[in-house]
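1. Sequence and computational prediction follow.
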Amino acid sequence: REPGGWLVKRLLLAASAALLLFAGGCGYSLAGKASSIPPEIRTVLLLPLENRTPRVQVEQILGGAIADELVRRHRLRLVSVREEADSILSGAIVGFQVTPVTFDAEGRGLQYEIVILAELSFRRRVPEEVLWANDRYRFRDSYELEPTQADFFDRETLVIREVAQKFAETAVTDLLEGF
């Protein structure tokens, strides 16, 4: 045993406890747990996203990912009838770009950067009131694609499907936490 070792351990334990108490009292919380949505808002109608880009299916893939993320979060129940909804989430995909950034020896893209621009609005149904909106929502990510994954398929669709969940996670987090 080291002389004074117990003292160092006790001091470290006390400092850790004080830090936890301090952090808990200063408004810190785990990411994804806060919510800026009024507690009476329990249901949401997700309208089909509008596609204002030349890329087909992008709004369907992203809309499906948002629906999945809303269900996964358990904060709002997804409904399909307007009259059952406390709130409505609507939007449009207004920009979409996939750019290869690295290539293999045959010139096929290996890594892609994807940028999605959207207009999103979350509003109370009755009385109609905007709870959260972002008409310049920007999502950017990169994705690596193995050449064998896309030898005979549309590479853009594969990239969209791969990043759709990340897009939905960030959009729903921003909506729930009011960013």
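-> Great, that's in hand. Numbers count the residues shown, from 1 in each chain.

2. Please count neighbours and contacts with C-alpha atoms only from this point.
-> Noted.

3. Show the contacting residues for the residue nearest to Leu120 when sequence neighbours are not counted.
-> Closest residue in space to Leu120, ignoring its immediate chain neighbours: Gly91 at 4.3 Å, by C-alpha to C-alpha, 6 or more residues apart in numbering. Listed by C-alpha atoms under 8 Å, 6 or more residues apart in numbering, the contact set of Gly91 reads 47-50, 118-121.

4. how does it look with 7 Å?
-> Gly91 makes contacts with 49-50, 119-121, as judged by C-alpha atoms under 7 Å, 6 or more residues apart in numbering.

5. ditto for Ala85
-> Each residue near Ala85 by C-alpha under 7 Å, 6+ apart is listed here: 43-45, 79, 125.

6. Work out the gap between the lengthiest helix in the chain and the centre of the chain.
-> If you go by DSSP state H, the chain has its longest helix at helix 155-177. The gap between the average C-alpha position of helix 155-177 and the chain average comes to 6 Å, counting by C-alpha atoms, centre = their mean, to the nearest Å.

7. export that helix as CSV, just CAs?
-> What follows is helix 155-177 as a C-alpha-only set of coordinates in CSV (Å, rounded to 0.1, in the frame of the first residue of the first chain):
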residue,chain,number,x,y,z
ARG,A,155,-25.4,4.5,-56.8
GLU,A,156,-27.3,7.6,-55.8
THR,A,157,-30.3,5.5,-54.5
LEU,A,158,-27.9,3.4,-52.4
VAL,A,159,-26.3,6.5,-51.0
ILE,A,160,-29.7,8.1,-50.2
ARG,A,161,-30.9,4.9,-48.5
GLU,A,162,-27.7,4.8,-46.4
VAL,A,163,-27.9,8.4,-45.2
ALA,A,164,-31.7,8.6,-44.8
GLN,A,165,-31.6,7.4,-41.2
LYS,A,166,-29.0,10.0,-40.2
PHE,A,167,-31.0,12.7,-41.9
ALA,A,168,-34.1,11.6,-40.0
GLU,A,169,-32.3,11.4,-36.7
THR,A,170,-30.9,14.9,-37.0
ALA,A,171,-34.2,16.4,-38.3
VAL,A,172,-36.3,14.8,-35.6
THR,A,173,-33.8,15.7,-32.9
ASP,A,174,-33.8,19.3,-34.0
LEU,A,175,-37.6,19.3,-34.1
LEU,A,176,-38.0,17.8,-30.6
GLU,A,177,-35.3,19.9,-29.0
